[in-house]
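Novice: Mind folding the following:
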Amino acid sequence: MELDKTSWSILACLQENARASFADIGREVGLSAPAVAERMIKLEDAGIIQGYRIEVDYEKTGYALKAFITFTAHSGKFNSFLNYIEKLDEVLECHRVTGNYCIFMKVVVENSGHLQHLLASMMEYGETTTSVILSSPITHRIFTKHETKTKGKGHVVKSRLA
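Specialist: The predicted structure follows:
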């Protein structure tokens, strides 16, 4: 599905506030509420919109510590590890990556003791390296279309379409 400027604008509105009404989005992008609904159905059917979520303040729920864990599996343990971490509520994100590690995970735990217990439970599957998140200056950037242009002597300039 080819996305036009209006579809990108609808996506930006939804990323900003997934609870916005069709009418609110329509006012923002210059369409009627039914037209917005129709476009959103097409975006969902195409798999571009994959769901609607909320953001949770983990600290306020008692989970004050966030960390990134990199993981390298012991020989023959990779699939077992994936099955194991799929059941862990602490694992917010899991990414299979290239490079020195197999997996990058973002986890949330109550405290350092909880983190230590989580890491100990992973040791039978492989090696971990942990980085505690001190702060997150960018947590929710709106994804928009990027346009690449060549300017001057081969210098590439990237700009976002509004």
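
Novice: so where is this protein shaky, pLDDT-wise?
Specialist: Residues of the chain meeting the criterion pLDDT under 70: 146-162.

Novice: now the strands: where do they sit in this protein?
Specialist: 65-73, 91-96, 103-109, 126-132, 146-151, 155-160 (DSSP state E).

Novice: Between the ones you listed, which one is closest to residue 28.
Specialist: In terms of C-beta to C-beta, the element of those nearest to residue 28 is strand 155-160, at 16.7 Å. Just so you know, the C-beta spots here come from the backbone N, C-alpha and C atoms, and that holds for glycine as well.

Novice: quick one: residue 8 and residue 142 touch, right?
Specialist: No. Residue 8 lies out of contact with residue 142 (C-beta atoms under 8 Å); the separation is 10.2 Å.

Novice: More neighbours: these two, which one.
Specialist: residue 8 (17 against 11; other C-beta atoms under 10 Å).

Novice: Find the nearest non-adjacent residue to the more buried one, please.
Specialist: In this structure, residue 8 finds its nearest non-sequential neighbour in residue 145, 5.0 Å apart by C-beta to C-beta, 6 or more residues apart in numbering.
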